[in-house]
Structures are given as C-alpha cells and as structure tokens.
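J.: could you work out the structure for the sequence below:
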Amino acid sequence: MSSYAQFGPTTNGARPVDNTVIAVAQLAIAIGEPDANRKAAAAAVAEAAAAGAQLVVLPELCDSGYVFGDDARRASAEAGALASPADDSPTLRQWRALAGQHRLAIVGGFCERGADGRLFNSAAVVDASGTRAVYRKAHLWDKEKLVFAPGDAPPPVVDLGFGRVAVMICYDLEFPEWARLPALAGADLIAAPVNWPAAAHPPGERPAEVIKAQAAAATNGVFVAVTDRCQAERGVSWISGSLIADPGGYPLAGPVLEDRPAVLTAECDLPRARDKRLAGDNDLLADRRPALYTPSHQGALTAPDERVQAANAHWAARFIANGTSYSDFQETMARIKVWDEWCREWGRTAQRYEQLAETAEAAGRAITAGGAWRRAALCWHWGKFVFVDHPDEQRAAHERTVACFRRGAGTLRPPAEPVRVPYGGTTLAAYLRVPGPGGRYPVVIMMPGLDSVKEELQATAEYMLSRGLAIIAVDGPGQGETEDELPIEPAYERVATAVADYLQGRDDIAPDRIGAFGVSLGGYYAARSAAFEPRVRAAVALAGPYCWALDWDILPPQTRATFQRRSGAATEAGARERMAALTLEHAAARITCPLLVAAGGRDRLVPPYQAERLAREAPGAELMLDPDGTHGLTNHAFESRSKMADWLAAHL
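T.: Got it, this is the predicted structure:
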C-alpha cells in the first residue's frame, strides 16, 4: 500500500503536519502465557491511546516470552508450540482489533512460524486495515540461534499516514549499517521492540544498549522508539530501558531503567527527520563519502552469479512494468546461471518474438506482428542495457533493439514516428507520437536514464498520450543510438534546447507548451532542463539524483561499469569524477517552473534523500514520495504514472 503527498500548494515539497504522539509500552512478559501477555498488551495500548498515541510499540516476542533455554530440542519445541503464521496469528488479529478500536497503529514482536515450518523472531506493523509489514530479525542474539532462523530482508519502511515507520528488533540496532538502510529509504522513525538482558555497567552511566539506540537516532537523523520489557524470566533480568529519542539522539521520554511496567509517550515532529541538515553547511546523508568506506577486496561483489542476482533484485519490476511479461522474465532468468549468459539468453527470448512477428506479417496480421516486434525489441534491450563486459555482443543486441522496434512502431496507437533532432553537428534519434490529427498539442520531452532508451519509455508515454499530450522520446548523448557516439552530457539542457528548436517547425505541436519528463538519471536531466531551458514550462523528475556520486559505492557493479562506459572514462576513478559533475547543486535554485519530484522510499539505486534535497532547494518543486516504491516506482507503475501524467496535463 502506498501513500503520496497530495498535489497542491507546497513549500519546496514540505507540508505542515501536527506532531505525532508516539508511545512505548514496557511490559512484564510471562513465557508460555500468551493470553496473559496479550491482555497486558491490550491494557497498555488502551493507556497509550488515552494519552493520544497514534503509534504504540510493544516488546520483542511479547506474546510468547523469550527465554527458551539452551537445549536446542526443548527450546525449539516450546517456541514452536507458541508460534503461529503471520496470516493466522491470534496476536496480530488482536492488534488489528485494538488498532481499529483506538485509531492507532501497533508495532510489536511475536513468535512466527514460516510457511516452511521454520521459526522466526518477528515484528509486525499493524493498523486497522490489517498487517502492513512483517519483519524477521536479521541479527540473532546468543541462544536465539538455537531456535530461530535469521531473516534476510532489510527493515521495512511503512507509511502510516502520520509518518514513515521502519522496524527492526533488538540486536539489529547495534549494527550501524542496518540502521542506515531505513534512513536512506526515507524513514522518519525506527520502532524497535527489544528484550535487553541486564549486564553490569559503571555506576552513573547508562547501559550501552541505551547509548547505541540514541546513537542510531543521532547518526541517521531519525526518531528511535525502543520498547524493552521488565521482571525476570527464568532467571534473566532486563535493562528495562525503554525510551524515545529525537533525531539529535536526545531522549524525549525515558530511558526507564526501572524493573516495572511503564507506558511512555512523547510528541514527535516526524517530518523533522526528513531534513538532514546540521549546523552550518552540513547534511548527515549528503556529506557521506561512501567511496572511503568500501573495503579494497570488493572484487567478490562482481562475481558473475552475484551480478545476475543483483539484476534480478533491482530490475524485475521495471522489466514487467515496461512491457515484458512475467512469464518471459521468469523463464529467461531461469536459464541464466552466470553473467556472461545474460545477453545471449535475453536474445533467445527476443528471437522467439521475432519468429512470431515474421509469421504474423506473412499472414497479414499487422497488429500481432507489430506487438511481437516491440516485445522482441524490449528483450534485446534488456540483454544489452548494462552488458558492457562484451561490447561487440552488446552493440549487436542494441542494433536489434532499434531494428525490431522500428518495424513495430507504426502499429502503436498513435503510431511512433521516427525523427532526427539536429544536435551539435550530428542528429539525435527520437520517436514522436501525437494524440491525433488536426491539432496543436502540448508535448513532453521524454528523457531516458543511464541504461534506458527511447523505446523503453513508450509504456509510460501511453499515460501521457491518453491525456492529450504529445511525446517525443529522445536518445541523448550516451543513450541508445548515440551511446557509442557521444559521451554522457552533464549539461543536458543542451538536448532540451535542440529538441525545442526542432519542435518549433512542427505544425502539430504547441511550441509554447513544452514539458520534460525523465526517469533515473533522466530525472536529473529533466531537472537540469527545467533550470536552464526557459521553454520548458513544467517538468517531472522521477527517481532522479541530486548528486549521484554521493552513492557511487552502493550502486550495483553493472551500473558503475555502464556509467564508466557511457561517460567515456578510462578508469573507475575517472568515472566517479565524471559522475560528480552531474550535480544540481547550483541548478536547483534556478528551477522556478513547476517541478514534480517523484521518488520511492525503497529505492536502492537513488536513495530518497536525493529527491528530498532537490524538492527542498527548487523553488517550484512539489514532492511525490511513495514510501513503499522502488526505483522508478515500477512496483506501483499504474498509480505513479497516472499521477505524473495527470500532473503534466494540468500544468501544460
């Protein structure tokens, strides 16, 4: 489920909200007494609701208890008898009822049985609509390893309307890399159910676990709400250090540090966590230098099978949203075992569609043939788009992309007209589509990203065409048909100027109503164009970086290699320098035309802080952030593309 900022008046993407009351409920949990434990939780939730809480955080394993012992067989049997599947958990059902009754959300720990029978130390986010997310503890502590399987997914970030809440459990908080992930994904608050066993600490000092929780808040600029438990269980005592910390790391409530039940509340200005600026010209996320944090033995990350896995993780939704069927994706990926097979196997899928197209053409079935040609083109494109290891194979696949799509372009409705845009002594290849004859239509210049091309953008173009907007999708420098002819151009407004000049000569285009749309690196290009080409009247920057070089070392190896190739850099160090030239630092303040900055909270390629910084600095900007969205919002394609097309239509 996703949530978007409403369109309307904003100030650099920000919108005023009331403070949110957050509660942490420190409970006495009895092992093997789930009914009693749920009753205690219900009473604490009611107390928190009476204090105005909109979110209540409950302890780790607060339905089952925690101390299962050090005999693996007996411990597993006992935990198994208390565990339940997330979709049939009496604990989660109770939380949903409480959430509906009290009009709040609950984060708490429960004992989960997975579909495969394994047990997990889990936490759920529940509101009146049901279970919004389930997180399985990734970093298991001590004897937990005898009972539970570790989770392997990052902390989820869930938009609960009043703010974006991330979840992790206890020991997870002690790993700085893990707390950084939700911060990069746009979390306002980290909710952490914990069971902190008591340990000796120097007189007058706070327990180290409390300090680490405050440090996680301060180093990531987020609120942190920790709920511990109290009263000994099978001889184990607890710190009972429940607290709520602000983005500076300072306690707003707690820590309790007393062995007693307690409900703490604090008013939290959650949007404050979205501004990472510190005193002076400092920014917690923008000032990072990931290049310095990466061990020199990163070579293992570029192993071929790892690259296939990374491609699968980053691009599955994109391939499907842009026109490749789920079955084609699954069947093709199943054949690819090592990276060197990538282009060849996507080519095999493409050839199947080429054969279908030729058969249909011979039988006079032009519509079927056109659709098959375009599917073939997409598959060739997926095969070559980041396949820089074998340039000859990549070039051949790209030529097939262009040739296949051109054979199917005429059967699109409206058709895609191939045009050439004069540019710097050469021409840029583009497709122009006009909603219908006899009019002068507003037009959107569509700008691909680092690894996309004009052909791939047609799935998004359909949303604009259906709203009466013409589109011209162009392969700029370092893209598509010019990727081997011209290097990436940081001053991409030169391309926008060339396209605007070309459109002046068309009698079916309204040259005074030009918009720009760009995705990924194309989002940067769209923002640059809005800053420096005055004929751009409105622009959408989707998943575009403010300064991508800040995240160089977290980019997939294929993306880094592709940038190096398309930028013309001889070395990786040179590519990093050239990427640093692609910055909106001095451009954002010049964007006075309407700018929609669209981003996903779960974007691992361009973290959402980049979008939030652009929206903050551009005077004409609105921010549309989908907290559950991935790169390019392709996992929510219909919703996001409809909203972006509606926005462009309204402004053009």
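J.: which residues does residue 420 bridge with?
T.: With DSSP bridges as the criterion, residue 420 is bridged to residue 429.
J.: against residue 390, how distant is it?
T.: 29 Å (CB to CB, to the nearest Å). Where you see a C-beta, it was placed from the backbone N, CA and C, and this is true even at glycine.
J.: so for those two, which sits in the more crowded spot?
T.: residue 390 (16 against 12; other CB atoms under 10 Å).
J.: contact partners for the more buried one?
T.: Going by CB atoms under 8 Å, 6 or more residues apart in numbering, residue 390 touches 340, 343.
J.: and it, its phi and psi?
T.: When read as degrees, to the nearest 10, the backbone of residue 390 gives phi -130, psi 90.
J.: and it, what pLDDT?
T.: For residue 390, the pLDDT comes out at 86.
J.: mind checking how far it is from residue 264?
T.: 59 Å.
J.: do residue 535 as well
T.: The gap separating residue 535 from residue 264 is 56 Å, by CB to CB.
J.: looking at the two, which is more packed in?
T.: The neighbour count for residue 535 versus residue 264, taken as other CB under 10 Å, is higher for residue 264 (24 against 19).
J.: beta-bridge partners for that one, please?
T.: When assigned by DSSP bridges, residue 264 has beta-bridge partners residue 24.
J.: which residues touch it?
T.: Counting by CB under 8 Å, 6+ apart, residue 264 makes contact with 23-24, 26, 242-244, 253-254, 256.
J.: could the residues you listed go into CSV alongside secondary structure?
T.: Below are the contacts of residue 264 laid out as CSV (DSSP: H, G, I helix; E, B strand; the rest coil):
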residue, secondary structure
23, strand
24, strand
26, strand
242, coil
243, strand
244, strand
253, strand
254, coil
256, coil
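J.: of all those residues, which comes closest to residue 506?
T.: Nearest to residue 506 among the contacts of residue 264 is residue 244, at 59.3 Å by CB to CB.
J.: that closest one touches residue 24, doesn't it?
T.: Yes - at 6.1 Å, residue 244 counts as touching residue 24 under the criterion of CB atoms under 8 Å.
J.: mind checking pLDDT for the residue nearest to residue 484 when sequence neighbours are not counted?
T.: Nearest residue to residue 484 in three dimensions, chain neighbours excluded: residue 395, at 7.0 Å (CB to CB, 6 or more residues apart in numbering). pLDDT for residue 395: 90.
J.: for residue 395, give its distance to residue 229.
T.: Between residue 395 and residue 229 the computed distance is 62 Å (CB to CB).
J.: what's the answer for residue 461, then?
T.: In this view, residue 461 and residue 229 are 55 Å apart by CB to CB.
J.: over to residue 516?
T.: Residue 516 is 54 Å from residue 229, where distance means CB to CB.
J.: the more surrounded of those two?
T.: Just comparing residue 516 and residue 229: by other CB under 10 Å the higher neighbour count belongs to residue 516, 33 against 28.
J.: hmm, who's touching the helix or strand hosting residue 499?
T.: Counting by DSSP states H and E, the element that carries residue 499 is helix 493-503. Helix 493-503 is contacted from outside by 419, 421-424, 428, 430, 443, 445, 447, 472, 474, 476-477, 489, 509, 511, 514, 516, 525, 528-529, 531-533, 535-536, using CB under 8 Å, 6+ apart.
J.: residues touching residue 546, list them.
T.: Contact analysis of residue 546 by CB under 8 Å, 6+ apart lists 286, 524, 583-585, 588, 610-611, 613-614.
J.: got those as TSV, with pLDDT, secondary structure and neighbour count columns?
T.: As requested, those are exported to TSV (pLDDT from 0 to 100; DSSP: H, G, I helix; E, B strand; the rest coil; neighbours: other CB atoms under 10 Å):
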residue	pLDDT	secondary structure	neighbour count
286	77	coil	16
524	98	helix	29
583	96	strand	18
584	97	coil	23
585	94	coil	11
588	97	helix	25
610	95	helix	27
611	95	helix	29
613	94	helix	27
614	96	helix	28
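J.: nearest to residue 604 among those residues?
T.: Nearest to residue 604, judged by CB to CB, of the contacts of residue 546 is residue 610 at 12.2 Å.
J.: quick check: residue 478 vs residue 163, distance?
T.: With the distance defined as CB to CB, residue 478 ends up 39 Å from residue 163.
J.: should've said residue 76
T.: In this structure, residue 76 and residue 163 are 37 Å apart, going by CB to CB.
J.: neighbour count: the two, which is higher?
T.: Ranked by neighbour count (other CB under 10 Å), residue 76 and residue 163 place residue 163 first, with 24 against 16.
J.: name the element the residue lying closest to residue 285 once chain neighbours are set aside belongs to?
T.: Leaving aside its sequence neighbours, residue 285 sits nearest to residue 609 (CB to CB, 6+ apart; 4.4 Å). Per DSSP H and E, residue 609 falls inside helix 608-617.
J.: what angle do whichever helix or strand comes after that helix and helix 608-617 make?
T.: Per DSSP H and E, the first helix or strand lying C-terminal to helix 608-617 is strand 621-626. With axes from the mean of the first three to the mean of the last three CA atoms, to 10 degrees applied, the angle from strand 621-626 to helix 608-617 works out at 160 degrees.
J.: now do strand 621-626: distance to the chain's middle.
T.: Relative to its chain's centre, strand 621-626 lies at 14 Å (CA atoms, centre = their mean, to the nearest Å).
J.: and for the closest residue to residue 571 other than its chain neighbours, the neighbour number?
T.: Among residues not flanking residue 571 along the chain, residue 564 sits closest, at 7.6 Å (CB to CB, 6+ apart). Using other CB under 10 Å, residue 564 has 20 neighbouring residues.
J.: do I have it right that residue 564 meets residue 572?
T.: Yes - under the criterion of CB under 8 Å, residue 564 makes contact with residue 572 at 6.0 Å.
J.: roughly how far does residue 80 sit from residue 147?
T.: Distance from residue 80 to residue 147, by CB to CB: 9 Å.
J.: common neighbours of these two, please.
T.: By CB under 8 Å, 6+ apart, residue 80 and residue 147 have these common neighbours: residue 119.
J.: and residue 381, what element?
T.: Using DSSP H and E, the element containing residue 381 is helix 366-384.
J.: just the buried residues of that helix, please?
T.: Within helix 366-384, the residues that count as buried by 16 or more other CB atoms under 10 Å are 368-384.
J.: all strands for the stretch 151-300 of the chain, in order.
T.: 157-159, 164-167, 189-193, 223-227, 229-230, 243-245, 251-253, 262-268, 277-278, 282-283 (DSSP state E, counting those that start in this stretch).
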